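Student: coordinates only, sequence not included:
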C-alpha cells in the first residue's frame, strides 16, 4: 500500500487511489491507538521525505517556522541532551522529536495538497467524530458503551478509549470538523445552511465535552468556540438575529440537560470555580508547583526531554499529596522544566512563526471565518493549560500536529499558486 503511494504520480486534479484510502483511514489511525498513531506518523513522514528526494522538492525546508524547529531540535541534541538527568531516555525522544513537524509538512505539501482530498478527509473525520460522540453518549445514558466499556466514574466518561479522555482526544478535531461548512458544497450551499451547520457542530461539541466531565477540555473548547462565534457575528452581519436565536435555543436545551444531571453540572462547571478560588491548594496548583520546582533546579538547560516524571518522583515532590508525577498540566511549564529557559524561548519563537505562517495568508485573503477557525485550532493545542494527557505525549501529539498540518494546508491553499504544489511535480 505504501509502495503504491510512493510510486504513483500524485496530481492536484486526480489524487491517487492509495492516497484517498490513506486519507479516509487517517482519522481512525491517529485516534484509537497510541502505537498505531505513532507508526502512522513515522511512515507518513518518511514517505514524504522519500517523495521529496525523488522529486527534488525541498521548498518546505525554507519555511521559517520549520527552520526555527530545526534550531530548537539542534539545541536539544547539542546542549539539552548532555545536561539530561537521564541521557539514554532523553536520547530516544530527542532523535525522534523531528517526526512531528515532518508529519505536519507531509500533510501540508503532500496529503492535503488538493481540494478534493481535503473534502474527503473532512468527511472521514466527521464520520469518525460522530461515531465517538454516539458511543460516548450511549455510555452516558446506559452506563456502558457499544464495546462493553463501563463509565470511569459517575461523572467521567471514557467512550471507546477505556480512559477518561474522550473530551481531550476530540478537542482539536472539533475545530477541523467545523471546516466542513466551508469546504463541502452541501453545507455551504446557502448562508443559512452554513451558519446552521456551524452552530449545530459547535453545540454538539459543547454538550459532548460537558458530558465527559473533563474540565480543562471544556474550558479550552469554550474559548475556541467563543472566538469562532464572535467572528461569525462580524462575518454574517445580516444574520446576527438568527445566530443569537440559535444561542438562545442552545442555552434552553443545555438547561434541560443540566436539570437531568445536576452531578455533571457540579463536576464540569461548578467545580471550575471551586478550583480557581483555591488554586494554590488544588490538584492543578500542586502539580504546577512541582513543575516549577523541577524547572528551578535546571533553570537554563532543563533536566532533559521526557525526564519530568522521573525527576519529580526522585525528588518526591508530590509524595505527600498522594498524587502521581505524570506531567505539569502546562505545556510551557513542562518545556521549561525539561528544556530550560533556552529551549522554551526557541520553542516560543517557532510557535510565533507558525502562527504567522498560518494566519497571515488567511488575513490577506480577508477570510475572517477561516482565520478564526485556524486560530482556534492552533490555540486549543498550544494553550499553556492541558488536561489529563500532555500534548507532548505521542498519542495527543499526533492529533496536535494533524491540526497544524491541516491549518497550514488550508492557509496555503488560499495563498499558493498552482505550480508551487508538490502534486504538480511529475518526474
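Tutor: Received it, and whenever you're ready, just let me know what you need. Treat the numbers as computed from the prediction; the structure is a model and nothing was measured.

Student: From residue 374, how far off is the closest residue to residue 372 other than its chain neighbours?
Tutor: Of all residues not flanking residue 372 in the chain, residue 231 sits nearest, at 3.7 Å (Cβ to Cβ, 6 or more residues apart in numbering). Bear in mind the C-beta positions are built from the backbone N, C-alpha and C, glycine included. Applying Cβ to Cβ, to the nearest Å, the value for residue 231 to residue 374 is 11 Å.

Student: more crowded one of those two?
Tutor: Comparing residue 231 with residue 374 by other Cβ atoms under 10 Å, the one with more neighbours is residue 374, at 25 against 18.

Student: Tell me the predicted confidence for the closest residue in space to that one that isn't next to it in sequence.
Tutor: The shortest distance from residue 374 to any non-neighbouring residue, by Cβ to Cβ, 6+ apart, is to residue 407 (4.4 Å). Listed pLDDT for residue 407 reads 96.

Student: which residues touch residue 407?
Tutor: 358, 374, 377-378 (Cβ atoms under 8 Å, 6 or more residues apart in numbering).

Student: Make CSV out of these and add pLDDT and secondary structure.
Tutor: Formatted as CSV, the contacts of residue 407 follow (pLDDT from 0 to 100; DSSP: H, G, I helix; E, B strand; the rest coil):
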residue, pLDDT, secondary structure
358, 95, helix
374, 95, helix
377, 95, helix
378, 94, helix
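
Student: For those, pick the one with the most neighbours.
Tutor: residue 377 (28 neighbours).

Student: pretty sure it is touching residue 175, no?
Tutor: Yes: applying Cβ atoms under 8 Å, one finds residue 377 in contact with residue 175, separated by 4.1 Å.

Student: Mind listing the shared neighbours of those two?
Tutor: Here residue 377 and residue 175 have 224, 403 as joint contacts, going by Cβ under 8 Å, 6+ apart.

Student: So what's the residue count around residue 94?
Tutor: Neighbours of residue 94 (other Cβ under 10 Å): 21.

Student: if we can go back for a sec, model confidence at the residue nearest to residue 372, what's the number?
Tutor: Taking residue 231 on its own, its pLDDT is 94.

Student: can you pull the buried residues of the helix or strand hosting it?
Tutor: Secondary structure assigned from DSSP states H and E places residue 231 in helix 215-235. Neighbour-count burial for helix 215-235, counted by 16 or more other Cβ atoms under 10 Å, picks out 215-221, 224-225, 227-229, 231-232, 235.

Student: same deal with stretch 94-101?
Tutor: Within stretch 94-101, judged by 16+ other Cβ under 10 Å, the buried ones are 94, 97-101.

Student: want to try CSV for those, with distance to residue 189 as columns?
Tutor: CSV is the format used below for the buried residues of stretch 94-101 (distance: Cβ to Cβ, whole Å):
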residue, distance to residue 189
94, 49
97, 43
98, 42
99, 39
100, 37
101, 37
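
Student: Now, those residues that are in strands?
Tutor: Among those, none falls in strands (DSSP state E).

Student: Out of those, list just those in helices.
Tutor: Among the buried residues of stretch 94-101, DSSP state H puts 94, 99-101 in helices.

Student: now, which of these sits nearest residue 199?
Tutor: residue 100 (32.8 Å; Cβ to Cβ).

Student: my guess is that closest one contacts residue 41, does it?
Tutor: Yes: if you go by Cβ under 8 Å, residue 100 and residue 41 touch, sitting 7.3 Å apart.

Student: shared neighbours of these two, anything?
Tutor: Joint contacts of residue 100 and residue 41 (Cβ under 8 Å, 6+ apart) are residue 401.

Student: Enumerate every residue touching residue 338.
Tutor: So, once contact is read as Cβ under 8 Å, 6+ apart, residue 338 ends up touching 80, 302-308.

Student: any idea which of the buried residues of helix 215-235 is the one closest to residue 296?
Tutor: Using Cβ to Cβ, these come closest to residue 296 at residue 216, 24.4 Å.

Student: hey, where'd the helices end up in the stretch 301-427 of the chain?
Tutor: Assigned by DSSP state H, counting those that start in this stretch, the stretch 301-427 of the chain shows helices spanning 308-314, 331-364, 368-382, 394-413.

Student: Could I get the ones you listed in JSON lines, plus columns for distance to residue 55?
Tutor: Converted to JSON lines, these look like this (distance: least, Cβ to Cβ, whole Å):
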{"stretch": "helix 308-314", "distance to residue 55": "40"}
{"stretch": "helix 331-364", "distance to residue 55": "22"}
{"stretch": "helix 368-382", "distance to residue 55": "28"}
{"stretch": "helix 394-413", "distance to residue 55": "18"}
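
Student: quick one: which of the ones you listed is nearest residue 273?
Tutor: helix 368-382 (21.4 Å).

Student: quick one: buried residues of that closest one?
Tutor: 369-378, 380-382.

Student: Residue ranges in this structure under the pLDDT threshold?
Tutor: Within the chain, the stretches with pLDDT under 70 are 1-15, 272, 275-281, 283, 318-322, 327, 386-393, 416-427.

Student: ends of stretch 182-192, how far apart?
Tutor: 13 Å (Cα to Cα, to the nearest Å).

Student: Distance from that stretch to the middle of the chain?
Tutor: 25 Å (Cα atoms, centre = their mean, to the nearest Å).
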